[in-house]
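> Got a predicted model here, sequence first, then my questions.
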Amino acid sequence: MSDVRLRFAPSPTGYLHVGGARTALFNWLLARKQGGKFILRIEDTDVARSTQESVDAILEGMTWLGLDWDEGPFFQSERFPVYLEFVEKLVAEGKAYRCYCTTEELEAKREQAMKEGRKPKYDGTCRNRAEEPAGRPSVIRFRAPETGVTAFDDLIKGRIAFANEELDDLIIQRTDGTPTYNFTVVIDDATMGVTTVIRGDDHINNTPRQILMYEALGYPVPIFAHVPMILGSDKARLSKRHGATSVMAYRDMGYLPEAMVNYLVRLGWSFGDEEIFSREELIQKFSIENVGRSAGVFNPDKLLWLNHHYIKSGDPERLAELLKPFLKERGIDPATGPSLPVVVKTLQERSRTMLEMADGAIFYYRDDFAYDEQAAAKHLVPATAPLLAALVTKLESLVDVTQAGIEAAFKESMAEQGIKLGQVGPAVRVALCGGTASPGIYEVIEALGCEETVARLKRAVAFIGKA
RNA sequence: GGUCCCAUCGUCUAGCGGUUAGGACACCGGCCUUUCACGUCGGUAACAGGGGUUCAAGUCCCCUUGGGAUCACCA
């Protein structure tokens, strides 16, 4: 046990994407490993862009991944009074000041500075303004030191230092009185007692300003760990055009949460040569020290492989439950046919996603499917009709409807007919499943039951007769 | 452009001064086999470049090059 406190602080302007999910996961893992607390905070100070739908989507994504939080969710929009209090405190102490520069003026100065090759930072016009013009709109800026160096020891990147002259006086309160991100994040992390901040490395440049504010406020500076970004296949920032980026989209595409968690954690973190980690193992083995420093490319193939792995080794009962919605989408009611867990067992090895499994399960629950044309042309031919008929006879009197019993019946029938499995097997497969790719025929028969199997074989014989 | 970050197979990575540079995904072969798969065996494939330091450098330092992030009254 320890008193580490970590947090995930997304802004509700969209769904939970894989990058955010990984950041959340790292925070959650460290909290769980060290027996600390994991806080969820919604950063919705930008009222215009924040939506309730996004909040719900983020919560849903977290829940799906199994990332439970100990405190929150807190909403920054509900804490405005807290922020204002701190703003006033800073102003009273002379650590922040009112700025009357208009957006247009600032814009012009920025352009001018760029044109002259200077840094486009705030020039400090209002920093030492003597009197305050009444009736003019104003913002509040944080008074940052103009000299010196602000540095921190990043748990992932190592020591990072910034010359204070590179920083400028950033706005902490807008004209409309609302606080801005770089301020609220500091106030919240400080007042919520956050000890370790794990976040995307796109925040590195914000860190020195934030440290300066912690110091101005008299709060201890947390430890930072900036995790590298996730890239698309072209090494550009991961986006929609690389494929799905929403965590929930992967659920809908038939991915298991444990596969997503396993994939995400290994993207940037490693533990020797190990690839497969259960949730418990991750909590035990995860460490920030083993998080890499460079950005990583999101590899859908490896995610798919992991998903396949977890489907192969998953509990059929659970998978059956997860499969139901996918079957429903296909208009199939599993109650009308063979036991779903039994069906699942026959499909686990050949399903990389639950969606594939659903497609593979369809034939079990429909007896009116059309035969694959090529398969029928090749295997449902006159020569096989009597062989199938012989099997019908054999199966109709079969008592031991297990794979072993079925196999024995097949062997017997084949011996009587003087043929090999290859001469009748493919036809049975097509008769039962409609195509040439399917689980083993003994498995299928066991799942289907003798009655249904016989019906399908008879249907195939009839089909041959009509052809 | 300024600042900051990054750099081992196509991809994810191991490596923490001395290795035939290892594993995984993907890819290509063999085996297994009633199909598809699973499994299994094997193969192709990497230290961005240049300087140092050192008996010894993928590992430490510097430069170059190449990526990326960030410079908002967004978060």
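Yep, it's here.

> going forward, measure contacts and count neighbours with C-alpha atoms only.
OK.

> just so I have it, where are all the helices in the stretch 201-350 of chain A?
Ranges of helices in the stretch 201-350 of chain A, per DSSP state H, counting those that start in this stretch, are A:207-217, A:247-252, A:257-266, A:279-285, A:300-312, A:316-329, A:340-347.

> from the middle of its chain, how far away would the shortest one be?
The one in question is helix A:247-252. Relative to its parent chain, helix A:247-252 has a centroid offset of 7 Å by C-alpha atoms, centre = their mean, to the nearest Å.

> Over to the last one?
Per C-alpha atoms, centre = their mean, the displacement of helix A:340-347 from the mean C-alpha position of its chain is 26 Å.

> Tell me how far residue A:121 lies from residue A:134.
26 Å (C-alpha to C-alpha, to the nearest Å).

> more crowded one of the two?
The residue with more neighbours, out of residue A:121 and residue A:134, is residue A:121; 17 against 7, by other C-alpha atoms under 10 Å.

> For the more buried one, give me phi and psi.
Main-chain torsions, residue A:121, degrees, to the nearest 10: phi -110, psi 160.

> and the helices of the stretch 201-350 of chain A as TSV, adding distance to residue A:103 and mean pLDDT?
Formatted as TSV, the helices of the stretch 201-350 of chain A follow (distance: least, C-alpha to C-alpha, whole Å; pLDDT from 0 to 100):
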stretch	distance to residue A:103	mean pLDDT
helix A:207-217	21	97
helix A:247-252	38	97
helix A:257-266	41	98
helix A:279-285	48	97
helix A:300-312	44	98
helix A:316-329	52	98
helix A:340-347	62	98
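
> Out of those, flag the one nearest residue A:78.
helix A:207-217 (21.0 Å; C-alpha to C-alpha).

> pLDDT weak spots in the stretch 1-150 of chain A?
Applying pLDDT under 70 to the stretch 1-150 of chain A flags residues A:1.

> and it, which of its residues are near RNA strand B?
A:10-11, A:43-46, A:49, A:100-103, A:106, A:110, A:117-121, A:137-139 (C-alpha under 7 Å from any atom of the strand).

> can you give me the strands for chain A?
Assigned by DSSP state E, chain A shows strands spanning A:5-8, A:37-42, A:71-75, A:96-99, A:139-142, A:149-154, A:158-163, A:171-173, A:196-200, A:223-227, A:230-231, A:296-297.

> partners of the fourth one in the sheet?
If I follow you right, that is strand A:96-99. strand A:139-142 (antiparallel) (DSSP bridges).

> Please enumerate residues in contact with the partner strand?
A:90, A:95-100, A:169-175, A:177, A:213 (C-alpha atoms under 8 Å, 6 or more residues apart in numbering).

> Take it, keep the C-alpha atoms, and write them as PDB.
Presented in PDB, the C-alpha positions along strand A:139-142 are these (Å, rounded to 0.1, in the frame of the first residue of the first chain):
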ATOM      1  CA  VAL A 139      -8.400  38.400 -18.900                       C
ATOM      2  CA  ILE A 140      -6.200  37.400 -16.100                       C
ATOM      3  CA  ARG A 141      -2.600  36.300 -16.800                       C
ATOM      4  CA  PHE A 142      -0.200  34.400 -14.700                       C
END
